[in-house]
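J.: how would this look folded up:
(3 chains)
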Amino acid sequence: MSRYLVRRLGFVVLTVFLTSIVIFSVIQVLPGDVARVILGREAGQAAVDQLRQELGLDLPAPVRYLRWIADFVRGAWGESFSLRTAVLPLVARRLSNSLLLAAVVLGLAVPLSVGLGVMAGLRQDSFLDNVVSMGSLALVGLPEFVTGLVLIQVFALQLGLFPASSSLADSSGLGGKIAQLILPSLTAALVLLGYLARLTRAQVIEESGKPYVRTAVLKGLPRRTVILRHILRNALMPTVTVVAISFGWLLSGLIVIEAVFNYPGLGSLLVFAVSRRDLPVIQAISMLAVVGYALANLSADLVYAALNPRLRLE
Amino acid sequence: MSASQGGRSRFRQAVAILFQQRSSAIGTSITLIFVLAALFGPVVAPYGLNQQLTSATFQPPSLAHWFGTDQLGRDVFSRVLLGARDILAFAGVGTLLAIILGATIGLFSGYTGGVVDEIIMRAFDGLLALPAMLLALLLLASLASSDLSVIIVLVVVYTPIVARVVRSVVLSVKELAYVRAARLQGEGLGWILYRAILPATYPALAVEGALRFSYAIFLIASLGFLGIGFQPPSDNWGMMVSDARQLTSAAPWALYFPAAAIAVVVVGVNLLADGLKRIAQTPPDPRS
Amino acid sequence: MTRASTPAPLLEVQRLTVAYTRAGRSYDAVRQVSLTVQQGESYGLVGESGSGKTTLALSVMRYLPRSAAVRGGRVLLNGADLLTLDAKAMRRIWGRRIAFVPQDPHTSLNPSMRIGQQLGEGLSTDGLDQRQARQRALSLLADVHLPDPPRIAECYPHQISGGMRQRVLIAMAISREPQLLVMDEPTTGLDTTTQASILDLIRDLVRRRSMSILYVSHNLGVVAQMCDRVAVMYAGELLEDAPAARLYARPLHPYTQGLLDSVPRLGQNKRRVRLRGVAGRPPSPAETRSGCVFLARCPLAIDLCNDAPTLFETAEGHTARCHRWKEIEAGSADPRQPASRKAGPPRTPTIGREVLALQDVQVHFPLRRSLADVFSRRIRRVRAVEDVSLSIERGFALGLVGESGSGKTTLGLTILGLVERTSGEIHLLGKPLPSVIAGRSPGTLARMQMIFQDVDESFVPTMSIAEILRRPLIRLSGSPPDEASSKAISLLEAVHLPPEFADRFPSELSGGERQRVAIARAFASKPEVLVADEPISSLDVSVQAAVLNLLNDIQVVRDSGLIFISHDLAVIGYISDVIAVIYLGRLMQVAPAAEIFEPPYHPYTEALLSAIPLIDPRGKQERIRLQGDAPSPVDVPRGCPFHTRCPRFLGNLCKEVDPPEQRTASGGMIRCHISLDELKAVQPRVFAFSSPVEGSG
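T.: Reported below is the predicted structural model:
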């Protein structure tokens, strides 16, 4: 197992390294002259050149990359171009909001979707299965902003149950904040639900068709035993990995959902930063996302290795 | 002639499978309807994209204005119909380029193996570690806002995914007898890759192509909604939805119809992809 | 014995019909089949792919796939119809009264549960507590001769070999003392030597516990050795049903006769006997037919056969579904007559001249699992082929026989340049051959071609047969494209396929037809050496003979050298002039075909010969069984690589010292520490048929 984990850890570190290169090149190389971006089109050439020197833009790319990554690790994330404040505290506050939302979403979606996926998979082609398959497909296909706007229309504007906007302002109090969390997390949970339920269902169906399940049935075991000990034990193992991989999916969705609900998380900050070309904020958020994705993957590897005897015994 | 009979009967079987299950029949029909709308929209649309009927603002859906009109008196039906062309064309071109590029890289990387393969695949792992929307925003923050940028985004986001899918098929067939036979025949690399191996990836490519196409529509609409990569006034459905947000009480139809158009076409293409997956998994008819 | 005195049968299948539905169409997989298994009887069900034998077995288990449905008939176990029972009632029968042993031991055990647990959980449903169930599981593991039961019980399936897993599955099946075991090809996919010991085990268990077996197999030899009574299925129907000894000695259905004549008997050789086989292609489930199901392929068909025959009782306990059974019994209608008169290939080969020579060829692969292994330098090596020297002569066939992992396929691929050799020399027509294809000229490639094992994967599926045959003509023989087309047609004719096939695609051809195309492609460039890697093992039994004959004829006519690779010593013995036995990458014995069946043998050859199930229920065989599994080619034992399993193991000498190559009088070789005279003195002739086989020896 340790061999496996060392290998996975190496893989994750390598991936983060490569992704940081991608981010670095997109942010620092593609836009051409960052100094020009900062100062605007009207600035004089002398001022631009001076800023270039200050920012170290005249250095070769590998050196700039090393400085850049060292700065990131040290927490020197620079100053936002548009807000003129330090990036680190800004992002940190938004990060905690986003993590809160993500936690609520996962807590809602994972048990529900795994449950539905398992039930649908075990009763293939039944009414329930058709509902789950079609429903999850529709949910996967619906863009988050459409789902979000429909939920706002119904629950906020028509029924008036929850607020349409989720600014999490301190004035709204704890109860208000919880009420504000409901619609955005429901939107994200619905999207994730479709994705996870489909995958769980497919996994359960695949395992059910394997010869060892036939062996178990023909032993005369009770159906419950066949399902719990044989099918689910093997079908849910890959689902663990899928939950981790869906972290990336969730992140994509949260960017749009936060914008829909004006939720003060990293996603809405990112959209704002992109529209202002605020590169320090963009790169900080991107790097955070990559590290988060890597950690999610690594924890999935850990759980998977603990469940799978093939890896545990290696 | 019997030469094409194998192909033709396989095609007929594929169509039969597609229309046998209700869901994939619906998906195929929806996709076809939207493609027709994209092709003939400008011919049949009753009004122009930004044509303002000052006498008819905030009209609810009626015979004259099927989807109603907005605050400027623009006909929502015409706007939705005219929006189909751009979004489908962007998504289609982006997907197609990603498929071509991804298939080429996947074929080459998988067949050659070794260090080259390792480097390409690790680089793609790096790209894929970024969620699609994040990568799209990153690129759009750096590139100038233009149609070309949107296409580039789609190609960068999807090429690694397509390459991985193709590569996994290549790995499963490259040690098969027919590839060995081709090598024993002295065939060159190009022939082996494109004549011998590529056809084996068609089923996976068809499924992947449909899926990528639907997500491309999804992504473009979402970017339009966020107002990134597209400048108003635009015929992007997502941007129409976002524009109509302040009208939710006065003219909710101006929001619902473009939103529904996105949802329907994405779900439709998804259903089609599901049907294609079923075809790929069904063995050919037993000989008769 | 008369009907009245037989005890009540254990299992009766009555007029059973099962249909599959696919893409909205329905196909009968089993049609109106009736059979009876008596208490304590081993009943064999023989058939090719698509015969419906597995569907029948699964119907008996009441475990059909979702796409299949019983359309009629009854399955009576002790007189009670299983088809009327619900799943809950079946759960009291599964495992307790009927148990199933599946074909594939690799996927039939739960990968994430320990063996002991999997074995014990069935027992727990009988009310045994945890400790009792474990005790019983351990004794069952001992019953199936697994070494060190406590350790095996703690293992997960992936930690033990395929043969051991099959033993576990058998232990599981017998664990609750069922009356009937349904076995679906339980040894298919296992090595011959492993198969032999599993078959021994089943025979012993069944005899001791007086269980009945319904044994499903395509292998005529295995069924002959295992069963008291045998039924033959074809295209969903039961064609003949008789006591085993009678069926093999006096088959009355032309299809049964054809099957028995399709496979070479141990010791037969092509230079003396020509296989007959069955003409035509196996039936497809989609065909709608009236009349006899075998009509299209039957050499004895007459007008009457357009009316479907019933099962005629030809004698007490022997039924056959053929209108002409009386004529066949009397010998006035004999399908074997015309074929045996047909002239075979030239019987004396031209004087041999070496075309290919291998000198100390060695192939090692680095066993690299990931990039991390490369950095940590933990690269282990697979020693696939070790110092092989051989020569192949024009017009001669060299048979290379070995079990899985023996390196036989790797050796074939190395000769062709598809695998790089680590060291050693290969000479083609006296000229040194570059190691890999990239270094070989088109002229050299043309001289060496290959026929592959898997007929489904031999061709690019999107290319027509004409295109498939044109490529080597254009690439290797330099034919202009228009000439290549006409040459492709004549190639089709050479392999007895109609010219219309040129326009077809591989998926439209049957397995046998595809292998003919593969032969045509291989001979297109007029090769001097042909490597055939298990060319018939993926084919149905009834078409194997025709492909074997064709391959043999063309090879002899073209006067090329043939390297025939197979795990089946009977087939190798039939096709080859010289036989090489390979074990863990080493040649253990090389001998002229006739000599390999007579002492002195290499002890490994001796065990192989003993392990082959004779297609003769009354044939005699010495019982020589190998212990354990073959070691992995990553850890090849020191000294003699066979010493860990050798029944004639001497001691430290075999463990430490590489055995010498002893030359026999005929120019053969045996790699063993025991002298040839000594071997000859202690070794019996391993096998004998009940009646002398035509032309053997």
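
J.: need the contact list for the closest residue to residue C:672 other than its chain neighbours.
T.: Distances taken as Cβ to Cβ, 6 or more residues apart in numbering or on different chains place residue C:659 nearest to residue C:672, at 5.2 Å, with adjacent residues excluded. Where you see a C-beta, it was placed from the backbone N, CA and C, and this is true even at glycine. By Cβ atoms under 8 Å, 6 or more residues apart in numbering or on different chains, residue C:659 lies in contact with C:639-640, C:671-673.

J.: can you do 10 Å?
T.: C:586, C:588, C:602, C:639-643, C:650, C:653, C:670-674 (Cβ atoms under 10 Å, 6 or more residues apart in numbering or on different chains).

J.: and what of residue A:212?
T.: For residue A:212, the contact set (Cβ under 10 Å, 6+ apart) comprises A:230-231, A:234, C:102, C:104, C:106-113, C:118, C:157.

J.: Need the CA coordinates for stretch A:121-141. CSV is fine.
T.: What follows is stretch A:121-141, C-alpha atoms only, in CSV (Å, rounded to 0.1, in the frame of the first residue of the first chain):
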residue,chain,number,x,y,z
GLY,A,121,-29.1,0.4,-10.6
LEU,A,122,-30.5,-2.6,-8.6
ARG,A,123,-33.9,-2.3,-10.3
GLN,A,124,-32.8,-1.7,-13.8
ASP,A,125,-35.6,-0.6,-16.2
SER,A,126,-38.1,-0.2,-13.4
PHE,A,127,-40.2,2.9,-13.1
LEU,A,128,-37.9,4.3,-10.4
ASP,A,129,-34.9,3.6,-12.6
ASN,A,130,-36.4,5.4,-15.6
VAL,A,131,-37.3,8.4,-13.4
VAL,A,132,-33.8,8.5,-12.0
SER,A,133,-32.0,8.0,-15.3
MET,A,134,-34.1,10.6,-17.2
GLY,A,135,-34.1,13.0,-14.2
SER,A,136,-30.4,12.8,-13.7
LEU,A,137,-29.7,13.3,-17.4
ALA,A,138,-31.9,16.4,-17.5
LEU,A,139,-30.2,17.7,-14.4
VAL,A,140,-26.8,17.1,-15.9
GLY,A,141,-27.9,18.9,-19.1
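
J.: near chain C, anything from that stretch?
T.: Yes: applying Cβ under 10 Å from any Cβ of the partner chain, one finds stretch A:121-141 touching chain C at A:124-125.

J.: Skip the chain neighbours and tell me the closest residue to residue A:306.
T.: Closest to residue A:306 by Cβ to Cβ, 6+ apart is residue A:312, at 6.6 Å.

J.: Let me know the pLDDT of the closest residue to residue B:193 other than its chain neighbours.
T.: In space, and not counting its chain neighbours, residue B:193 is closest to residue B:107: 4.7 Å by Cβ to Cβ, 6+ apart. With respect to pLDDT, residue B:107 has a value of 95.

J.: Tell me the buried residues in the helix or strand hosting residue B:107?
T.: Using DSSP states H and E, residue B:107 sits within helix B:76-112. By neighbour count on 16 or more other Cβ atoms under 10 Å in any protein chain shown, the buried set for helix B:76-112 is B:76-88, B:90-95, B:97-99, B:101-111.

J.: returning to what we had before: can I have the buried ones of the contacts of residue C:659 as a ChimeraX selection?
T.: Listed next is the ChimeraX selection for buried residues among the contacts of residue C:659, using 16+ other Cβ under 10 Å:
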select /C:586,588,602,639,640,641,642,643,670,671,672,673,674
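
J.: Return the subset of the contacts of residue C:659 lying in strands.
T.: C:586, C:588, C:670-671 (DSSP state E).

J.: could you dump these to TSV with distance to residue A:162 and pLDDT?
T.: Compiled in TSV, the ones in strands among the contacts of residue C:659 are given as follows (distance: Cβ to Cβ, whole Å; pLDDT from 0 to 100):
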residue	distance to residue A:162	pLDDT
C:586	77	95
C:588	80	96
C:670	87	96
C:671	83	96
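
J.: show me which of the residues you listed neighbour chain B.
T.: Okay, of these, nothing touches chain B (Cβ under 10 Å from any Cβ).

J.: Show me the helices in the chain, by range?
T.: Here I'm looking at chain A. A:2-24, A:34-39, A:45-55, A:61-74, A:87-122, A:127-141, A:144-151, A:173-208, A:211-218, A:223-225, A:233-261, A:266-276, A:279-307, A:309-312 (DSSP state H).

J.: wait, I meant chain B there
T.: Using DSSP H, helices in chain B cover B:5-20, B:22-44, B:76-112, B:114-128, B:132-142, B:147-173, B:177-184, B:189-191, B:198-226, B:237-243, B:253-281.

J.: for the closest residue to residue C:160 other than its chain neighbours, helix, strand, or coil?
T.: Using Cβ to Cβ, 6+ apart and skipping the chain neighbours, the partner closest in space to residue C:160 is residue C:152 (6.6 Å). What DSSP: H, G, I helix; E, B strand; the rest coil gives for residue C:152 is helix.

J.: number of nearby residues for residue C:152?
T.: 24 (other Cβ atoms under 10 Å in any protein chain shown).

J.: can you tell me how far it sits from residue B:227?
T.: 66 Å (Cβ to Cβ, to the nearest Å).

J.: Could you check the angle the helix holding residue B:107 makes with helix B:253-281?
T.: If you take axes from the mean of the first three to the mean of the last three Cα atoms, to 10 degrees, helix B:76-112 sits at 30 degrees to helix B:253-281.

J.: per-residue confidence at the closest residue to residue B:25 other than its chain neighbours?
T.: Leaving aside its sequence neighbours, residue B:25 sits nearest to residue B:19 (Cβ to Cβ, 6+ apart; 4.5 Å). For residue B:19, the model assigns a pLDDT of 81.

J.: Can you give me every residue that contacts residue B:119?
T.: With Cβ under 10 Å, 6+ apart, residue B:119 has these contacts: residue B:109.

J.: same question but for residue B:150, I mixed them up
T.: B:86, B:90-91, B:93-94, B:136, B:139-140, B:143, B:216, B:219-220, B:223-224, B:228-230, B:236.

J.: All good on my end, thank you.
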